[in-house]
Structures are given as C-alpha cells and as structure tokens.
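Trainee: Predicted model, plus sequence, below.
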Amino acid sequence: MMSASRKLASFRLPPLPTIGELIKLYNLRAEKQLSQNFLLDLKLTDKIVRQAGNLKNAHVCEVGPGPGGLTRSILNAGVADLVVVEKDSRFIPGLKLLSDAAPGKLRIVHGDILTYRMDRGFAKDVSRPWEEDPPNLHIIGNLPFNVSTPLIIKWLEDMSNRTGPFTFGRTRLTLTFQKEVAERLSASTSSRQRSRLSVMAQYLCQVHNCFTIPGRAFVPKPEVDVGVVHFTPLAQPQIQQPFKLVEKVVRNVFQFRRKYCYRGIEMLFPDACRIELTQEMMQRADVDPSLRPTELTIPHFKALVDAYAHLCASEPSLLSYEHREELQLRHHQKKTKRPADTLMDTTPGPLLPC
C-alpha cells in the first residue's frame, strides 16, 4: 500500500481549464498600473518552480498568484501546503477553482503581501534553528514590477532581524524581477550593474540569477525581459551590524557611484566635522579612499560599517544625521529667510534601487 508521503509526492492536478481559458472565463485583464503580466506557458512556470529545489512535501507561500499559472506548477511539484497571497479580488474565483481541485493543499489569503503576517501562516513545527539547514519552507512569486524591489528590501530587513518569514529559519526565496534588477541583485564587484541592492542582498544571502524569461512570454508583453532569482539566507551575515546602519552606509557610498568612495562617506557627517571624521573612518576601516563604490567588496563594506558604528558609539547624534535632510532644511531656510536653531531629528530613508 502506498504511504501517505508517497501519495503526497505523486499528486497531480485533475484536468482543468487552461490559464488562457480562465482569463476569458472570468474576463481577467492585466492592469498596467499594477504592473501585472501573466505567464501562460506552464513549461516556464515549471522551470521557475524547479529553481526552488525539491518541493515534495514542502510548505510554500506564493506571492501574487494572479490567474494561477505558477500556482499549478507548485501544486504539481507535490507540496504539502500552499498559501497564496493575492491582493486583486478579480483572481480569487479562479484560485478557488484550483483550491477545489487540490483539497486540503491550497489556502487563499485575499490581502497585501507587504502587510501579510507570514510568521502566522504556517505551523511552528516547520521551523528550523537558524544555524542548521533551511526549513522546508519556500517563498515563490512572479512579482509585479512595482512591488518587487520594495518587497525584497522588506524581506532583507526581516532576514537581518529574523522576523516575518524568517522566524521559521533561513527560508528560501525564488522570485522574478525586471532583468536589470535581477542583474543588480547578483552583480559581482567591479561589474557595471554593481549597486546598493547588490551589497544589501549579498551580505545577507547567497544570490543566484537563475535564468532570463523573454518579455514575449508574458501577456501583455512587458517592455523588458524578466530574471528569476533564488535567495538562500546565510547562516552568518557577512556584516554583523543592524540592517538600517548597513543600509545607511551603503546608500551614502553609492550616492556618487562614479566618484571615489570617500565622497559618499563624507555625506555621513555634518559640515563641522566632515573632513576629520571621514579621514578617521577611512583609516579605521583601512579602505583605499580612491576606490570607486562599484570596486568595494563586501569585506570592504564590513570594515566601513564597523568603523561607522564605532564613531556612532562615541557620538550617538551621528546616527540620526542625514545630509539630504540638512540640504532640504537649508533650502527651506533660504526660501523662507528664517534661520533655524537646530537641525531636525531624522531617520534613515528606505533603500532604493540605483
């Protein structure tokens, strides 16, 4: 008699309407303002799912399933449990059809992935200690372009803090991005695509740019090709400092990507002590100030962030200093011709793609 796990692994969906037929049945149309593009070729969705690894008996969260093409491939991979998070109510009826065809396997969450509490979406026994192998839990998604970058930044911060999906351990991600963003995420030192996003992803993860899907494979056809990227969180991040501190240093360094790296580092400090503290930080980090931002390795950034953290420990007010906020305040003073007594307290801004 076949075991329960064997039955689970050999599960296949029954005959269903094609994705194209579902789109016609429910009169679905990709919304340009939501950056929606449907992937109808199940060979390609199967290929995306294979990049996640062996999903037999796995727990999966799919982001933005839309009409459910990738959802079918995930279910056919033999998963034990699939949660799909879909914001657009137009796709819910088609997903319910899939849920009926895979009883007990597919749960539908009608909501926004940016606010969804994934830490509550799966049983605690899925968890694995951080230092051990990753849990049998995966995040997979053909992401709309307008949400892909803010979402990976959110998850990188969650990864650093071991919150959200990473309360279960080193949860792996397999996601789509615009080809240019995929290249930035995986870019090596000194490459043309090297950016803030490269450093922020790679100090926390192994990042693998798996393959590129031509834009013509999507409906409607986007103006760009799409890259599939796989992330595996590192057991030990390469920089052992708070995420926002790392982000602040990396963001300022890449502010002047074509100039020497010390130019961006200067922007971490107020005018009154800028030259002195920049020199101290560069010397403590032992980083050549004439290197360009794209030439800096992760160990270089580690040394710079550690040096900045040391300076902030001596002078905590540096943590809240933001050069761009100072410029905005000066512009406001000039415009209103009213001097301000002190600088406003500020907090680091969000990481943006270069």
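Mentor: Everything's here; your move.
Trainee: so after the lowest-mean-pLDDT helix or strand in the chain, what's the next helix or strand?
Mentor: Sorting the helices and strands of the chain by mean pLDDT, DSSP states H and E puts helix 4-9 at the bottom, at a mean of 44. Sequence order places helix 19-25 as the next helix or strand after helix 4-9, per DSSP states H and E.
Trainee: so after that next one, what's the next helix or strand?
Mentor: Criterion used, DSSP H and E; the element after helix 19-25 is strand 38-39.
Trainee: so for the very next helix or strand once past that following strand, what's the average pLDDT?
Mentor: Sequence order places helix 42-51 as the next helix or strand after strand 38-39, per DSSP H and E. Helix 42-51 comes out with an average pLDDT of 96.
Trainee: Wait, Val60 touches Val83, no?
Mentor: Yes: applying CB atoms under 8 Å as the test, Val60 and Val83 come out as touching, 7.3 Å apart. Placement of C-beta: from N, CA and C, glycine included.
Trainee: So for the two, which residue has more residues nearby?
Mentor: More crowded of Val60 and Val83, by other CB atoms under 10 Å: Val60, with 26 against 18.
Trainee: ok now do that one, which residues does it touch?
Mentor: By CB atoms under 8 Å, 6 or more residues apart in numbering, the contact list for Val60 reads 52, 74, 79, 81-83, 137-140.
Trainee: I'd guess it is in a strand, am I close?
Mentor: Yes: under DSSP: H, G, I helix; E, B strand; the rest coil, Val60 sits within a strand.
Trainee: Next one, pLDDT for it please.
Mentor: Here the pLDDT value assigned to Val60 is 98.
Trainee: now it, which residues is it bridged with?
Mentor: Leu82, His138 (DSSP bridges).
Trainee: hey, what's in contact with both of Val60 and Val83?
Mentor: Common contacts of Val60 and Val83 (CB under 8 Å, 6+ apart): none found.
Trainee: Show me what the strand or helix carrying Asn146 is in contact with.
Mentor: Asn146 belongs to helix 145-161 when assigned by DSSP H and E. Counting by CB under 8 Å, 6+ apart, helix 145-161 makes contact with 34-35, 63-64, 113-114, 139, 143, 164-166, 173, 175-178, 181, 185, 197, 200-201, 204-205, 222, 233, 237, 242-244, 246, 350-353, all of which sit outside it.
Trainee: ditto for stretch 224-232
Mentor: So stretch 224-232 is contacted by 37, 48, 51-52, 134, 170, 172-183, 185-186, 201, 205-215, 217-218 (CB under 8 Å, 6+ apart).
Trainee: of these, buried ones?
Mentor: 37, 48, 51-52, 134, 170, 172-179, 181-183, 185-186, 201, 205, 207, 209-210, 213, 215, 217-218 (16 or more other CB atoms under 10 Å).
Trainee: So which of those residues are in strands?
Mentor: Among the buried ones among the contacts of stretch 224-232, the ones falling in strands (DSSP state E) are 172-178, 205, 207, 209-210, 213, 218.
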